[in-house]
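Enquirer: Predicted model and sequence follow; I will ask about them next.
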Amino acid sequence: MTMYVTDSARAGSLPARSCRHQAMLTLPAQEAHVSAARHLTADLLECWRVPESERDSAVLIVDELAANAAQYGRECMTLLLVLDDGTLQIVVSDSGTAVEHGHRDVAPDEHGRGTGIVDSLAQSTEIHQTRGGREVRACLRCSA
């Protein structure tokens, strides 16, 4: 497991709202690690003073994207959270190939509810197939 957290004020700006927060967590792509991504997100967003309703939406998005990465990724999954200028970017990448169809038995609380929940909660979503796997980016407006 690898984790990085940074907070940096922009050059020339003093207000706390201009601070950029960023965190990255890399975990094995296994269902057992989905809860770690979910808990880290909840804890960090609370520290970053993201309002509870927006924090709850972000945690649901992370839960879904991490569950998908754990199910379809091969080696590892990476969660990147970036809060900047009232926008929270949630990026989950994994080392899997195109999403396979089929169902494996997973714990009920670690099973994804479909990417529809991500689309309904986020202002925008993007999915990219990369050389090393897949990357899904969801953006939320946050009043933090």
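Expert: Noted; the coordinates are in hand. Numbers count the residues shown, from 1 in each chain.

Enquirer: List the buried residues for stretch 71-88?
Expert: Across stretch 71-88, burial judged by 16 or more other Cβ atoms under 10 Å covers 71, 72, 73, 76, 77, 78, 79, 80, 81, 82, 83, 88. No exception for glycine: its C-beta is placed from N, CA and C like everyone else's.

Enquirer: low pLDDT regions in this structure?
Expert: By pLDDT under 70, the weakly predicted segments of the chain are 1, 8-18, 98-114, 144.

Enquirer: Mind jotting down where the strands sit in the protein?
Expert: 2-9, 19-28, 76-84, 87-94, 124-129, 134-141 (DSSP state E).

Enquirer: In CSV, could you pull the C-alpha coordinates for the fourth one?
Expert: Listed next in CSV are the C-alpha coordinates belonging to strand 87-94 (Å, rounded to 0.1, in the frame of the first residue of the first chain):
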residue,chain,number,x,y,z
THR,A,87,-14.2,20.9,-7.7
LEU,A,88,-13.4,17.4,-6.4
GLN,A,89,-11.8,15.1,-8.9
ILE,A,90,-12.0,11.4,-8.1
VAL,A,91,-9.8,9.2,-10.3
VAL,A,92,-9.6,5.5,-9.9
SER,A,93,-7.2,3.6,-12.1
ASP,A,94,-6.5,-0.1,-12.4
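
Enquirer: Understood, closing this out.
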